[in-house]
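>>> Return atomic coordinates for the entry below.
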Amino acid sequence: NSNVSRPKKEGATVADISAGRLILLLKIALFKVIKITNASDLGKHVVVQGGTFYNDAVLRSFEKISGCRAVRPDIAGIMGRFRCSTW
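Numbering: from 1, shown residues only. Here you go, the predicted structure:
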């Protein structure tokens, strides 16, 4: 709660706070969970999957952090399930 209250008092908009939190979450996923050392390790073009990437803000933030072009197929939300069901 204090992570949101203080920036609001300092004049940050809800959009700015949301964007900052989203970028932080993506950085944690890439650098702490996946453990890449540099965003360029991903390559120049990445195909994303999962329902989370239906959100344009997530897709654009991912592109901004990674410095690559992210391709989101129309079936991004079911690709993991589709891939697993074909095994």
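
>>> Distance from the chain centre to stretch 35-47, please.
Its chain's C-alpha centre and that of stretch 35-47 lie 13 Å apart, by Cα atoms, centre = their mean, to the nearest Å.

>>> How about residues contacting it?
Leu30, Phe31, Phe62, Ile65, Ser66, Gly67, Cys68, Arg69, Ala70, Val71, Arg72, Pro73 (Cβ atoms under 8 Å, 6 or more residues apart in numbering). Using the backbone N, CA and C atoms, a C-beta is placed for each residue, glycine as well.

>>> Compare those and tell me which is most surrounded.
Phe62 (23 neighbours; other Cβ atoms under 10 Å).

>>> Now for this protein: which helix has the highest residue count?
Counting residues, the longest helix found in the chain (DSSP state H) is helix 14-27.

>>> Now do the buried residues in it.
Ile17, Ala19, Leu22, Leu26 (16 or more other Cβ atoms under 10 Å).

>>> Okay, and which of the contacts of stretch 35-47 map to helices?
Checking those against DSSP H, those in helices are Phe62, Ile65, Ser66.

>>> Adding pLDDT, write those residues out as CSV.
Converted to CSV, the ones in helices among the contacts of stretch 35-47 look like this (pLDDT from 0 to 100):
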residue, pLDDT
Phe62, 92
Ile65, 90
Ser66, 89
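
>>> Remind me which helix or strand the nearest residue to Thr52 once chain neighbours are set aside belongs to.
Among residues not flanking Thr52 along the chain, Val58 sits closest, at 5.5 Å (Cβ to Cβ, 6 or more residues apart in numbering). According to DSSP states H and E, Val58 maps onto helix 56-66.

>>> Not counting its own residues, what contacts that helix?
By Cβ under 8 Å, 6+ apart, helix 56-66 touches 18-19, 22-23, 26-27, 30, 39, 42, 46, 48, 52-53, 69-70, 72.
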